[in-house]
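Asker: Just to be clear, the model below is a prediction. Sequence and coordinates:
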Amino acid sequence: YAMLLSLIFLIVLVAAVVGFVFRHEIKTNFESNLNLALRDYNVTADRHSEAVDTIQRTLHCCGVQNYSDWERTEYFTQRGIPRSCCKNQDDCSEEDLKDPSKAKLKVFVDGCFFLVTSTMESKMSVVAGISFGIACFQV
């Protein structure tokens, strides 16, 4: 039993240290993966496309840095900015989404990268506190 608790304690400790040491690499990796997801975005039931839509709807953001990131994608040339960026689904036509100047008024203009990373960083103290609490309980 003591060996099992020691193993769990070490795993929590290593995870915390790795998360702290490699946090910049995690951010860089997330940004490049989000850029790839935008580039390969399509309307089919693709996991990456669904993840992008979920992030944009939940955090009320659009694109990586801002909504204009979509202009460099193949999806934009065909259908415009995705509907998951719309502030109001009822007031967002496909013609509006194909025109960047009209879309600016109808979609979320903030990028998702900053919102996701700031949300993660704000929750890190909670995760660290819980991990510390578990570690103290184990000791």
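Answerer: It's in.
Asker: wouldn't Lys102 be in contact with Asp91 here?
Answerer: No: the criterion here is CB atoms under 8 Å, and Lys102 misses it with Asp91 at 11.2 Å. Placement of C-beta: from N, CA and C, glycine included.
Asker: if you count what's nearby, which of these two comes out ahead?
Answerer: A direct count of neighbours by other CB atoms under 10 Å for Lys102 and Asp91 places Lys102 higher, at 15 against 10.
Asker: Against Thr119, how distant is that one?
Answerer: Lys102 is 29 Å from Thr119, where distance means CB to CB, to the nearest Å.
Asker: Which strand residues bridge Asn66?
Answerer: Asp110 (DSSP bridges).
Asker: Contact partners for it?
Answerer: Contacts here follow CB atoms under 8 Å, 6 or more residues apart in numbering; on that basis Asn66 touches Val109, Asp110, Gly111.
Asker: Give me the neighbour count for the second one.
Answerer: Meaning Asp110. By other CB under 10 Å, the residues close to Asp110 number 16.
Asker: Specify the local secondary structure of Tyr41.
Answerer: coil (DSSP: H, G, I helix; E, B strand; the rest coil).
Asker: So it sits against Thr77, correct?
Answerer: No: counting by CB under 8 Å, Tyr41 stays clear of Thr77, with 12.0 Å between them.
Asker: Who has more neighbours out of the two?
Answerer: Between Tyr41 and Thr77, Tyr41 has the larger neighbour count (other CB under 10 Å), namely 21 against 10.
Asker: quick one: that one and Leu105, what's the gap?
Answerer: Look at Tyr41 and Leu105: by CB to CB, they are 22 Å apart.
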